[in-house]
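Chemist: based on what follows, work out the 3D shape:
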Amino acid sequence: MKKTYLFKSVKLVLLFLLLTSFVSRVEAAIEYKVKKGDNFYTIAKKHNVKIDDLKNLNTISAKNIKPGDKLIIPLQKKEADKKTKSVDSKKESVSHKKTPKENVTDGPKMYTVKKGDNVWSIARRFHIDAEELMEINEMDSPSLKAGQKLYLEEEQPIIAEFQNNKMLTKNLEEELKNVSESDEFSAKSLPEKLSLFARKLLNIPYKFGGNSILGIDCSAYVKKVYGLLGTDLPRTAREQFNEGETIDKEELSIGDLVFFRTYASFPSHVGIYLGNNLFIHASSKGKKVKVDNLDAPYFMKRFIGAKRLLSDENKSTEPQS
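Modeler: Numbering: from 1, shown residues only. From the prediction side, this is the model:
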């Protein structure tokens, strides 16, 4: 009796060890559809498993398998890991395909226009104002074409220089004050004073919507220069276009305002005439206050008119360059 009990106990232990060993080897399984010409040997060899393991997982006998039957194929740990990595890799690949990287280059952010893009969709995507996008790129129309390069932000090296050097800003403000209080300045005509102030602000950085020496846009620049002479102008180029006396291009005199239609149907850019067909303005393309020629193709095409705010008695008779 004791021998029989002992024999049964040993048998159970051996069976447990066998099953444990099998389970430790088999970490996962796949389903396989039997094809014509398959048998347990070829299937086991193809999947690198033992025939016994294959038989243990499937109730069908080796003699009775036929095309179309489905078998459970045990996978060893390494093979299971490979399958998992393969699936993860595919998921990662699909994930990347669903969220493609934007066509943005390094440096000053630029975007390459794709088919179906428009100014407003690009502006929304990058959280900027559509008008700012057009101003930065000096666009006179919202029309785009695939492959076109757009700046998404202004280049900032000049702005950084001013912001990192507060003394430079302070010195400029003090210089403007000293100039306005000098005897030499008092002897100048109003247009000459205006021209002098305008030139003192050369090279300060351009910034869309900016209104300080750290960054200024075209209309804020004009407003600031005229403000130094005690004349208060509206804030935008569109509003400034409604001020003063309308004059022909051939009658331009120092201090007159020159207007352009750039990114909008209304007057959207303004500068101050300096004489000799030159004008000074805060340029979005140049990224700073600079002097340009009215005969340059870009400005000739977009020029829409001029306004005079200085009276005839204060006009300068000698053009300056």
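
Chemist: only C-alpha atoms from now on, for both contacts and neighbour counts.
Modeler: Will do.

Chemist: quick one: the helices in this protein?
Modeler: Along the chain, counting by DSSP state H, helices occupy 2-25, 40-46, 51-57, 77-98, 119-125, 130-136, 157-164, 166-181, 183-186, 190-200, 218-227, 237-240, 297-302.

Chemist: how about the last one, which residues are buried there?
Modeler: To tie it back to what came earlier, the one meant is helix 297-302. With burial defined by 16 or more other Cα atoms under 10 Å, the residues of helix 297-302 counted as buried are 299, 302.

Chemist: chain center to it, what's the gap?
Modeler: 28 Å (Cα atoms, centre = their mean, to the nearest Å).

Chemist: then stretch 269-281?
Modeler: Its chain's average C-alpha position is 32 Å from that of stretch 269-281, according to Cα atoms, centre = their mean.

Chemist: restrict it to CA atoms and write it as CSV.
Modeler: This file holds the C-alpha atoms of stretch 269-281, laid out as CSV (Å, rounded to 0.1, in the frame of the first residue of the first chain):
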residue,chain,number,x,y,z
HIS,A,269,2.9,99.6,-44.8
VAL,A,270,4.2,103.1,-44.3
GLY,A,271,7.5,105.0,-44.3
ILE,A,272,8.9,108.5,-44.2
TYR,A,273,10.3,110.2,-47.3
LEU,A,274,13.9,111.5,-47.1
GLY,A,275,14.4,113.0,-50.5
ASN,A,276,16.1,111.8,-53.6
ASN,A,277,13.5,109.0,-54.0
LEU,A,278,14.6,107.4,-50.7
PHE,A,279,12.4,106.6,-47.7
ILE,A,280,13.1,105.2,-44.2
HIS,A,281,10.8,102.6,-42.7
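
Chemist: so for that stretch, mean pLDDT?
Modeler: If you average the pLDDT over stretch 269-281, you get 97.

Chemist: for it, which positions count as buried?
Modeler: Buried, per 16+ other Cα under 10 Å, within stretch 269-281: 269-275, 277-281.

Chemist: residues in contact with it?
Modeler: Contact with stretch 269-281 is made by 195, 198-199, 218-219, 221-222, 237, 252-262, 282, 289-295, 319-321, as judged by Cα atoms under 8 Å, 6 or more residues apart in numbering.

Chemist: check those residues for burial and list the buried ones.
Modeler: Counted by 16+ other Cα under 10 Å, the contacts of stretch 269-281 give 195, 198-199, 218-219, 221-222, 237, 252-262, 282, 289-294 as buried.

Chemist: what about stretch 222-231, start to end distance?
Modeler: 10 Å (Cα to Cα, to the nearest Å).

Chemist: buried residues in it?
Modeler: 222-226, 228.

Chemist: chain center to that stretch, what's the gap?
Modeler: Distance, centroid of stretch 222-231 to centroid of chain: 35 Å (Cα atoms, centre = their mean).

Chemist: contacts for it, please.
Modeler: 193-194, 197-198, 232-235, 270-272, 281.

Chemist: could you dump those into TSV with distance to Ser212 added?
Modeler: What follows is these, written out as TSV (distance: Cα to Cα, whole Å):
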residue	distance to Ser212
Lys193	20
Leu194	18
Phe197	15
Ala198	14
Asp232	16
Leu233	15
Pro234	15
Arg235	13
Val270	17
Gly271	16
Ile272	18
His281	14
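
Chemist: can you pick out the most distant pair from the residues you listed?
Modeler: Of all pairs drawn from the contacts of stretch 222-231, the widest gap by Cα to Cα lies between Lys193 and Arg235 and measures 21.3 Å.

Chemist: tell me which of these two has more neighbours.
Modeler: Lys193 (21 against 17; other Cα atoms under 10 Å).

Chemist: thinking again about what came up before, of the buried residues of stretch 222-231, which is the nearest to Ala44?
Modeler: Among those, and counting by Cα to Cα, the member closest to Ala44 is Val222, at 84.8 Å.
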